[in-house]
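S.K.: return atomic coordinates for the entry below.
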Amino acid sequence: MEQANAGKSFRHKRAVYTVLAVLLLALGLLPVFFPSGYSAWWRAVYNSVGLSDFSSIAKDYPMSLHVLNVGKADSILVECSGKYLLVDGGTPDQAETVNRYLARRGVTTLDYMINTHPDSDHVGGLSGVIEEFKVDHYFMPQLPQSLLPSDSAFTNTMQSLSRQGLSPEYLQGGNTLTMGDLSIEVLAPLSVLNTTNENSIVLMLTYGKTRFLLMGDAEVGEESALLATRKDLHADVLKVGHHGSKTSSTAAFLAAVEPKYAAVSVADSQYELPNREVMDRLNRFSSTVGRTDVSGTLLYCSDGTAITYQTER
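M.R.: Numbering: from 1, shown residues only. Presented below is the predicted three-dimensional model:
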């Protein structure tokens, strides 16, 4: 009961501060009082009420991965050595959710932004993030014109990049990036397949002895291509492909990954996701399966040797 009252009190205070922020913004005074922007505002809000959100545990670890609760969509924040990577941004209506989370984490600049593929539930929110935060590099897969969408989710993001003086950079299997002591290996796409999902950028993040495999919306075809490379796909944390759809997460693939933790970014919706058979397989090959529709944002923190797992609720 005490925890419930505390939560209710915090939500009330947060609502008051949100209204105040809107008023200050409307009056043009938010930049005057908080010249560092939105991030400074939210840090001040949390500090002023004597609370920190659940993700504050990440400050005690040199590396963390946050699977954000953005419905049946993907958005993942990676922090390491004071640097930040955002993988996907959810649907257009989730941009504000992502922005608030980044602000709470103290982000002012995204060193890397990676759109795994241009479907609206992955690229849609990125336009709003680009307008709010400085982005140093924007990456996406290089796709033939026939696979590039013409919807507003994609075109708005391209326009936002242009307004910020940025151009897309392209990733394919074999490329590598670094972020402090974090190694980011691009495992796929290895070739151009027939759908945007099957051309998802697949990432293996390695920090010390811990590994994180992010699958985008990769389906059976891309999983098979990865298995055919005979690369070591073992990972401590697997961001499950395609929201737990039956088109992904085959038994052969999960056997190769053997994740201790599996993260499913999904919403309670008419899509009937995650698929029951996929969940059965995940529970067979993974000791801990997290779902954003059940537990909210999922947080995985690494000290280079072990993973600490925390959920929003």
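S.K.: tell me how the chain divides into domains.
M.R.: As assigned by automatic domain parsing, the chain contains the domains 1-51, 53-311.
S.K.: and stretch 100-119, how far apart are its ends?
M.R.: The first and final residues of stretch 100-119 sit 22 Å from each other (CA to CA, to the nearest Å).
S.K.: mean confidence for that stretch?
M.R.: In this model, stretch 100-119 has an average pLDDT of 96.
S.K.: to the chain's geometric centre, what's the distance from that stretch?
M.R.: Relative to the centre of its chain, stretch 100-119 is centred 8 Å away, using CA atoms, centre = their mean, to the nearest Å.
S.K.: equivalent analysis for stretch 58-78, please.
M.R.: Between the mean C-alpha location of stretch 58-78 and the chain-wide mean there is a distance of 5 Å, by CA atoms, centre = their mean.
S.K.: so what secondary structure elements neighbour the strand or helix carrying residue 103?
M.R.: Per DSSP states H and E: residue 103 is located in helix 95-104. Using 3 or more CB pairs under 8 Å, 6 or more residues apart in numbering; DSSP states H and E as the contact definition, the elements that helix 95-104 packs against are helix 38-48, strand 83-87, helix 126-132. Where you see a C-beta, it was placed from the backbone N, CA and C, and this is true even at glycine.
S.K.: mind giving me the packing neighbours of the shortest one?
M.R.: The one in question is strand 83-87. With contacts defined as 3+ CB pairs under 8 Å, 6+ apart, the packing partners of strand 83-87 are strand 76-80, helix 95-104, strand 109-110, strand 112-114.
S.K.: quick one: residue 91 and residue 75 touch, right?
M.R.: No - between residue 91 and residue 75 no contact is recorded; they are 9.4 Å apart, counting by CB atoms under 8 Å.
S.K.: which neighbours do the two share?
M.R.: Residues touching both residue 91 and residue 75 by CB atoms under 8 Å, 6 or more residues apart in numbering: residue 125.
S.K.: higher neighbour count, the two?
M.R.: For residue 91 against residue 75, the residue with the higher neighbour count under other CB atoms under 10 Å is residue 75, and the figures read 31 against 21.
S.K.: and the more buried one, what does it touch?
M.R.: By CB under 8 Å, 6+ apart, residue 75 lies in contact with 68, 86-90, 94, 98, 125, 265.
S.K.: residue 224 versus the one residue sitting closest to the centre of the chain, what's the distance?
M.R.: To find the centre residue of the chain, average its C-alpha atoms and take the closest one (CA atoms, centre = their mean): that gives residue 76, at 1.0 Å. Using CB to CB, to the nearest Å, one obtains 24 Å as the distance from residue 76 to residue 224.
S.K.: got the phi and psi for the nearest residue in space to residue 223 that is not next to it in sequence?
M.R.: For residue 223, the nearest residue in space outside its immediate sequence neighbours is residue 253; the separation is 4.3 Å by CB to CB, 6 or more residues apart in numbering. In this entry, residue 253 is assigned phi and psi values of phi -70, psi -50 (degrees, to the nearest 10).
S.K.: what about residue 265, distance to residue 71?
M.R.: Note on residue 265: its distance to residue 71, by CB to CB, is 8 Å.
S.K.: who has more neighbours out of the two?
M.R.: More neighbours sit around residue 265 than around the other of residue 265 and residue 71, counting by other CB under 10 Å; the figures are 31 against 21.
S.K.: show me what contacts the more buried one?
M.R.: By CB under 8 Å, 6+ apart, the neighbours of residue 265 are 67-68, 70, 72-75, 239-240, 243, 292.
S.K.: mind redoing it with 10 Å?
M.R.: Listed by CB atoms under 10 Å, 6 or more residues apart in numbering, the contact partners of residue 265 are 67-76, 88, 90, 121-122, 239-240, 242-244, 273-274, 290-293, 297-298.
S.K.: write a ChimeraX command that selects only the buried members of those residues.
M.R.: To isolate in ChimeraX the members of these that are buried, counting by 16 or more other CB atoms under 10 Å, one can use:
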select :67,68,69,70,71,72,73,74,75,76,88,90,121,122,239,240,242,243,244,273,274,290,291,292,293,297,298
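S.K.: narrow the contacts of residue 265 to those in helices?
M.R.: Members of the contacts of residue 265 lying in helices (criterion: DSSP state H): 121-122, 292-293.
S.K.: kindly reformat the residues you listed as a markdown table containing distance to residue 311.
M.R.: Supplementary listing: the ones in helices among the contacts of residue 265 in a markdown table, determined by distance: CB to CB, whole Å:
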| residue | distance to residue 311 |
| --- | --- |
| 121 | 22 |
| 122 | 22 |
| 292 | 9 |
| 293 | 12 |
